[in-house]
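1. quick one, structure for this:
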Amino acid sequence: MGRISETIKALIIVNVIFYVGTMVLGETSYRLFSLFYFENPNFQFWQPLTHMFMHGGIMHIVFNMYALWAFGSPLEQNWGRNKFLFFYFSAGFGAALIHTLVNYYQVSSAADVLLNAGMTQADITNLLTTGQYNAGILNSVSMETIQSAYNSFNTPAVGASGAIYGILVAFGLMYPNSELMLMFLPVPIKAKYFIPLLLIGDLIFGISGAGTGVAHFAHIGGALFGFIMAYYWKKNSFDSHRWY
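-> Numbering: from 1, shown residues only. Okay, here's the model as predicted:
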């Protein structure tokens, strides 16, 4: 860590502008710029990009921007501005892709169950868009299945966390023995242990379907794409080429 670069400063400023905008415009900004499921009426083609600059609360943006500065600075110093930006946005788009694919699986799986239970496609569309359904369907389909499909279809994703997780993984690959501190566990932990620990937690919460309000598979997606890029660059000596 060191002084903040112009690149990271610009990213933080844009994130702050978006955050202030959400406080001024409220739900309108979330409806326009969050990442909705691609079949949701609120989905727009720009949302895979703009959702990276949206945040759900002050602590959300503070933690993400701190991580962007703390872990992104050494990566940008090593890679150069353009390569770092390419990496950052690629990890963010990767997070959006994996998040969307998981939602698609959840929605389509629930739709198959509902069709087999006797609902028509029109009934399913109405359920997904309005949350309304005939209570008799609960004799054949669990409330958990219905709620999971409805949430996947209607809950938007916000935050730079996917891109940040890509940065964390790249940092761990490049500086595996750097010692990091968990806020709730004030003991130094090397990056090569700390970062997998975070990912395991996201994987457990994501698979369990725990209602944490966090897009865990977006974190996994950003980490996955970040790992692929950083590992490839490192193994192919592309890591030594800076882009300006």
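
2. other residues contacting the host helix or strand of residue 21?
-> Element membership of residue 21, judged by DSSP states H and E, is helix 6-25. Helix 6-25 has contacts (CB atoms under 8 Å, 6 or more residues apart in numbering) with 4, 29-30, 33, 50, 53-55, 61, 64-65, 68-69, 72-73, 76, 81, 84-85, 88, 160. Quick note: C-beta positions are derived from backbone N, CA and C, even for glycine.

3. weed out the non-buried ones from the residues you listed.
-> Using 16 or more other CB atoms under 10 Å as the burial test, the contacts of helix 6-25 include 29-30, 33, 50, 53-55, 61, 64-65, 68-69, 72-73, 76, 81, 84-85, 88, 160 as buried.

4. got the contact list for the helix or strand that comes right after the helix holding residue 21?
-> Where DSSP H and E defines the elements, the next helix or strand beyond helix 6-25 is helix 27-33. With CB under 8 Å, 6+ apart as the test, helix 27-33 has contacts from 18, 21-22, 42, 44, 46-47, 50-51, 53-54, 156, 158.

5. in the protein, which spans are helices?
-> 6-25, 27-33, 47-50, 58-79, 81-116, 121-130, 143-154, 161-174, 191-208, 216-235 (DSSP state H).

6. which other helices and strands does the fourth one contact?
-> Going back to what we said before, that points to helix 58-79. helix 6-25, helix 81-116, helix 161-174 (3 or more CB pairs under 8 Å, 6 or more residues apart in numbering; DSSP states H and E).

7. likewise for the shortest one?
-> With contacts defined as 3+ CB pairs under 8 Å, 6+ apart, helix 47-50 has these neighbours: helix 27-33, helix 81-116.

8. would you turn those into TSV with distance to residue 227 and mean pLDDT?
-> Shown next, in TSV, are those (distance: least, CB to CB, whole Å; pLDDT from 0 to 100):
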stretch	distance to residue 227	mean pLDDT
helix 27-33	27	94
helix 81-116	9	96
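
9. most tightly packed of those?
-> helix 81-116 (a mean of 19; mean count of other CB atoms under 10 Å).

10. what angle do that one and helix 6-25 make?
-> Orientation check (axes from the mean of the first three to the mean of the last three CA atoms, to 10 degrees): helix 81-116 against helix 6-25 gives 40 degrees.

11. burial count for residue 230?
-> 23 (other CB atoms under 10 Å).

12. now do the contacts for the spatially closest residue to it that is not a sequence neighbour.
-> Of all residues not flanking residue 230 in the chain, residue 170 sits nearest, at 3.8 Å (CB to CB, 6 or more residues apart in numbering). By CB under 8 Å, 6+ apart, the contact list for residue 170 reads 75, 87, 226-227, 229-230.

13. pLDDT weak spots in this protein?
-> Along the chain, segments meeting pLDDT under 70 span 1-2, 181-186, 210-211, 237-244.

14. now the farthest one out in this structure, which residue is it?
-> residue 136 (36.0 Å; CA atoms, centre = their mean).
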